[in-house]
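Novice: Just need the structure, nothing else, for what follows:
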Amino acid sequence: MKYLFLFFILSIPIIALSWRSLVSIKNHGFYRFFGWECIVWLLVCNFHYWFYKPFSLLQILSWMFLFIGLYYIFASLIPFRKYDNSHTSRNDPSLFGFEKTTKLVNVGIYKYIRHPMYSSLIFVTWGICLKNISIELLTISIIASSLFFITAKKDEKECIEYFGTIYLDYMKKSKMFIPFLF
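Specialist: Model (predicted):
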């Protein structure tokens with residue numbers, strides 16, 4: 001019962017951030033919301049194990065995944081801050097400010113992967129799951145990863161609609177989540 005209460009409390013800010021995205025299943029934010037909720041559930045279930053057996057192989061892998069996810073987050077935000085690429089001319093209330101780009105960002109980490117933010121969330125998902133693996137948490141992690149994959153696909157569709165052939169060319173030159181691999 002305490003897990004459900006904690007999950008509910010942690011879900012409030014996610015709902016507050018995402019409510020505009022929840023009105024359309026076609027919007028990439030719809031799937032992102034449920035991916036975030038999966039991460040919250042993983043956190044609630046695994047917070048007791050955060051520092052359990054700190055030098056075990058699973059903990060070391062977990063921390064590696066978490067640090068890769070953290071790196072991807074920072075590396076993905078730097079180009080947006082550097083180029084101040086968000087504009088109010090894209091009047092889509094379901095997008096966050098930094099998502100309202102009018103110029104394709106293809107520098108920094110974006111030169112190699114198209115979705116470093118979603119990639120970071122996938123790494124964080126598996127980093128949290130590895131803290132204490134169970135069938136339930138493996139299932140939630142697979143669901144979260146699938147939701148972030150769908151989110152990225154929906155985002156790409158929106159980007160193709162907005163940027164056109166420029167984005168299609170960019171897709172040919174970059175990977176989706178992991179540089180040089182996938």
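Novice: so where's this structure shaky on pLDDT?
Specialist: Low-confidence segments of the chain (pLDDT under 70): 81-100.
Novice: The longest helix that it contains: what's the following helix or strand?
Specialist: When the chain is parsed with DSSP state H, its longest helix is helix 135-163. The helix or strand immediately downstream of helix 135-163 is helix 165-173, counting by DSSP states H and E.
Novice: Now that next one: buried residues?
Specialist: Within helix 165-173, the residues that qualify as buried by neighbour count (16 or more other Cβ atoms under 10 Å) are 167, 170. Where you see a C-beta, it was placed from the backbone N, CA and C, and this is true even at glycine.
Novice: helices and strands around the longest helix of the chain, which ones?
Specialist: helix 28-46, helix 116-129, helix 165-173 (3 or more Cβ pairs under 8 Å, 6 or more residues apart in numbering; DSSP states H and E).
Novice: mind checking how far it is from the chain centre?
Specialist: 8 Å (Cα atoms, centre = their mean, to the nearest Å).
Novice: Distance check, the most centrally placed residue in the chain against residue 80.
Specialist: The residue lying closest to the centre of the chain (Cα atoms, centre = their mean) is residue 118, at 2.8 Å. Relative to residue 80, residue 118 is positioned 15 Å away (Cβ to Cβ, to the nearest Å).
Novice: do residue 113 as well
Specialist: Taken as Cβ to Cβ, the span from residue 113 to residue 80 is 15 Å.
Novice: out of these two, which sits in the more crowded spot?
Specialist: Each of residue 113 and residue 80 has its neighbours counted (other Cβ atoms under 10 Å); residue 113 has more, 23 against 17.
Novice: In this structure the more buried one contacts residue 174, no?
Specialist: Yes: applying Cβ atoms under 8 Å as the test, residue 113 and residue 174 come out as touching, 5.9 Å apart.
Novice: Let me know whether residue 75 touches residue 119 as I believe.
Specialist: No: with contact defined as Cβ under 8 Å, residue 75 does not reach residue 119; the gap is 10.0 Å.
Novice: show me the contacts for residue 178.
Specialist: Contacts for residue 178 were tallied using Cβ atoms under 8 Å, 6 or more residues apart in numbering; they are 113, 119.
Novice: ugh, wrong one, I meant residue 176
Specialist: 113-115, 119, 152, 182.
Novice: Now list the buried members of those.
Specialist: Among the contacts of residue 176, the ones that count as buried by 16+ other Cβ under 10 Å are 113-115, 119, 152.
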